[in-house]
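>>> sharing a model prediction with you, sequence too.
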Amino acid sequence: MNTLAHVLALEEKMGRAIIGQEKVVRSIIICLLCDANLLLEGMPGLAKTRAIRSLAENLDATFRRIQFTPDLLPADITGSEIYVPETHSVEDAFQFREGPVFGNLVLVDEINRAPAKVQSALLEAMEERQITVAGKTYALPKLFMALATQNPVEQEGTYNLPEAQLDRFLMKVEVDYPSAESEKRILDLVRSEQQRRYSETAISSAVIEDSDKLNKETIYQAWREVADIHVSDVIKDYIVGIIHASRHPAKYDEELAQWVSIGGSPRATLGLERAARAHAWLAGRDYVDPSDVQAIAYDVLRHRIVLSFQAAAAGVKVENAIARILQLTVTG
């Protein structure tokens with residue numbers, strides 16, 4: 001297998017883990033080949049972080065993640081010198097401890113959440129592949145790639161990146177919602193991942209003993225049983241339809257379009273399906289029906305649907321919008 005075949009195999013593996021985002025996967029691969037940095041911009045829940053993790057899992061490379069927050073300090077990224085009293089000389093008393101930027105693949109999550117002073121700590125690393133602390137320069141690994149994410153809508157408490165820093169990124173890729181068919185495949189993918197993970201902690205029913213307290217093994221067994229609850233294609237279509245109605249309300253109802261500003265992300269789709277399975281399991285059924293989806297829809301979507309200013313002015317609550325969506329979407 002030649003070099004090109006190896007890289008194409010990497011892209012194919014990532015494509016299996018990141019459904020419906022082929023353009024994003026290809027852009028990541030291109031930046032990897034160009035020895036460059038990448039900025040991913042998109043709504044929460046669109047698999048930006050998952051795509052980067054998928055790259056790291058399929059590369060023999062060190063992965064680091066930095067969650068940018070307003071209280072972050074530059075030293076939290078680059079590392080700093082610390083005092084070591086056990087040393088025998090003054091010169092060795094201060095020793096440098098590397099920060100998370102010393103990795104091959106560095107995920108900078110929500111890069112616009114930290115102030116400019118912290119953002120600038122990445123400039124030298126992204127351009128010159130080195131960092132300077134206390135007058136000393138430290139080289140970064142030969143393979144170094146900064147992959148940053150940011151949310152294009154929620155701007156409260158954020159700090160826009162200056163042009164000089166944006167220019168350090170080879171590409172700025174906009175991540176959009178997947179298609180309805182891709183979202184159904186995402187449901188199956190995440191479901192299979194849950195089943196594999198829970199099977200590792202599953203036990204026989206004989207191990208579950210009566211007790212005043214519910215033991216962890218019983219919870220693990222419940223996880224597996226919930227993961228095995230059957231969800232038909234009709235129910236999957238119903239769930240995906242609900243979320244798509246929240247994203248594209250104008251296709252369903254003119255008044256709903258005036259109410260809803262931002263709809264649910266793929267996390268809402270996954271959450272709705274997962275909670276519906278748990279609801280069905282508690283009802284003693286081994287399958288999900290529409291009543292399970294409807295029963296938990298309000299709690300799953302209440303914090304994920306953002307209303308417009310018009311809705312707020314008219315006294316419309318998010319529950320009203322969810323109720324309208326459920327009225328407008330029907331099962332096959």
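Cool, got the structure.
>>> give me the longest helix you can find in this protein.
Longest helix of the chain, by residue count under DSSP state H: helix 180-199.
>>> that one packs against which elements?
Secondary-structure packing of helix 180-199 (3 or more Cβ pairs under 8 Å, 6 or more residues apart in numbering; DSSP states H and E): helix 216-227, helix 233-247, helix 266-282. (C-beta placed from N, C-alpha, C; glycine too.)
>>> any chance of those helices in a markdown table, with mean neighbour count too?
Putting the helices and strands packed on helix 180-199 into a markdown table (neighbours: other Cβ atoms under 10 Å) gives the following:
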| stretch | mean neighbour count |
| --- | --- |
| helix 216-227 | 16 |
| helix 233-247 | 21 |
| helix 266-282 | 21 |
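>>> ok, the nearest residue in space to residue 231 that is not next to it in sequence - contacts?
The shortest distance from residue 231 to any non-neighbouring residue, by Cβ to Cβ, 6 or more residues apart in numbering, is to residue 288 (4.9 Å). Counting by Cβ atoms under 8 Å, 6 or more residues apart in numbering, residue 288 makes contact with 229, 230, 231, 232, 235, 273, 276, 277, 279, 280.
>>> just give the number of residues close to the fourth one.
The criterion is other Cβ atoms under 10 Å. On that basis, residue 232 has 13 neighbouring residues.
>>> contacting residues for it?
287, 288.
>>> look up how far residue 321 lies from it.
27 Å (Cβ to Cβ, to the nearest Å).
>>> same question for the first one.
The spacing between residue 229 and residue 321, counted by Cβ to Cβ, is 28 Å.
>>> of the two, who's got more company?
The neighbour comparison of residue 229 against residue 321 (other Cβ under 10 Å) goes to residue 321, with 25 against 20.
>>> from residue 35, how far off is the more buried one?
To residue 35, residue 321 is 47 Å away according to Cβ to Cβ.
>>> over to residue 289?
Distance from residue 289 to residue 35, by Cβ to Cβ: 53 Å.
>>> repeat for residue 220
Using Cβ to Cβ, residue 220 is found at 44 Å from residue 35.
>>> repeat that for residue 163.
As for residue 163, its distance to residue 35 is 22 Å (criterion: Cβ to Cβ).
>>> more neighbours, these two?
residue 35 (12 against 7).
>>> local confidence estimate at that one?
You'll see residue 35 listed with a pLDDT of 87.
>>> and what about it, helix, strand or coil?
coil (DSSP: H, G, I helix; E, B strand; the rest coil).
>>> so who does it touch?
Residue 35 neighbours (Cβ under 8 Å, 6+ apart): 143, 145.
>>> contacts for the one helix or strand residue 258 maps to?
Residue 258 is located in helix 254-259, with elements delineated by DSSP states H and E. Defining contact as Cβ under 8 Å, 6+ apart, one finds that helix 254-259 is touched by 245, 249-250, 307-308, 310-311, 316, 320-321, 324-325, 328.
>>> are any of those residues buried, and which?
For these, burial is judged from neighbour counts taken by 16 or more other Cβ atoms under 10 Å, and it is met by 245, 249, 307, 308, 311, 316, 320, 321, 324, 325.
>>> in the stretch 51-200 of the chain, where is pLDDT below threshold?
In the predicted model, the stretch 51-200 of the chain carries pLDDT under 70 at residues 86-92, 154-155, 157.
>>> the nearest residue to residue 107 once chain neighbours are set aside and residue 265: what is the separation?
Leaving aside its chain neighbours, residue 107 sits nearest to residue 65 (4.5 Å; criterion: Cβ to Cβ, 6+ apart). Using Cβ to Cβ, residue 65 is found at 20 Å from residue 265.
>>> so these two - more neighbours on which side?
A count of neighbours by other Cβ under 10 Å puts residue 265 above the other of residue 65 and residue 265, at 20 against 16.
>>> what's the distance between the more buried one and residue 289?
To residue 289, residue 265 is 25 Å away according to Cβ to Cβ.
>>> so residue 237 sits right up against residue 184, yeah?
Yes - Residue 237 lies in contact with residue 184 (Cβ atoms under 8 Å); the separation is 7.2 Å.
>>> in three-state terms, label residue 64 for me.
Three-state call for residue 64 (three-state DSSP): strand.
>>> nearest residue to it in space, please, no chain neighbours.
Sequence neighbours aside, residue 103 is the residue nearest to residue 64 in space, at 3.4 Å (criterion: Cβ to Cβ, 6+ apart).
>>> Three-state assignment for the residue lying closest to residue 18 once chain neighbours are set aside, please.
Excluding its sequence neighbours, the residue lying closest to residue 18 (Cβ to Cβ, 6+ apart) is residue 51, at 4.9 Å. At residue 51 the chain is in helix, as set by three-state DSSP.
>>> what's residue 51 in contact with, if anything?
By Cβ under 8 Å, 6+ apart, residue 51 lies in contact with 14, 18, 21, 24, 25, 28, 40.
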